[in-house]
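Pasted the sequence and its predicted model underneath.
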Amino acid sequence: MPNTRSLVLIATALFAGLGASPVVADETLVGVWKLVSYSTQDPDTRAVFHPFGEHATGYIVYTAEGRMFAILAAEGRKPLTGGNRITAPVEDRAEAFSTATAYSGTYTLTEGQVVHHVDISVNPNWVGTDQMRFIRLESNRLTIVTPPLPTRPDGKLRVSTLIWERAQ
């Protein structure tokens, strides 16, 4: 299994291969972006996975005041049985938790990178952390490449690529 350093090199190489201009000013990033695709690549086999399915949904928003939020959900999520998120069976709640994510905070932008300073998250382990992302903007498409992060289905460290389109 590759070490974290080699996974970061993979993320950097993927980012470099995007061929678009890096985002360098807040004004270009500000707005509402709708998820087009979310995929991860296995560092060992180079196999591509879609952790939330091939038709995941989501939005990411960057404000001019320096705040951001993101929400992503898997395709085909099942309704909770048993009424609601409090009374549903534990298995249903676990499935719901593992098929969606959301977080918010402030952000700082440098050439080719954005850092999300997380102050609230569905994943409590992210609160108080900085989540660095490589970014490229080409016309109305924003591509975000993550450093290696644990992903579905097995929690293995993988580099994720998220493609967003500016929402109307």
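Perfect, thanks for sending it. Numbering: from 1, shown residues only.

Residue 156: neighbour count?
16 (other CB atoms under 10 Å). All C-beta spots, glycine's among them, are computed from the backbone N, C-alpha and C.

Please name the residues that touch it.
42, 150 (CB atoms under 8 Å, 6 or more residues apart in numbering).

what is it paired to in the beta sheet?
Beta-bridge pairing for residue 156 (DSSP bridges): residue 151.

what sits against residue 63?
With CB under 8 Å, 6+ apart, residue 63 has these contacts: residue 30.

Report the separation between it and residue 134.
21 Å (CB to CB, to the nearest Å).

And for residue 72?
In terms of CB to CB, residue 72 sits 18 Å off from residue 134.

just residue 144 next, same as before
7 Å.

Output the below-cut-off pLDDT ranges for the chain.
Scanning the chain for pLDDT under 70 picks out 1-27.

Please, where are all the helices along it?
Listed in chain order, the helices of the chain (DSSP state H) span 4-16, 26-29, 90-98.

Identify all contacting residues around the last one.
In this structure, residues lying in contact with helix 90-98 by CB under 8 Å, 6+ apart are 77-78, 80-82, 85, 88, 122, 152.
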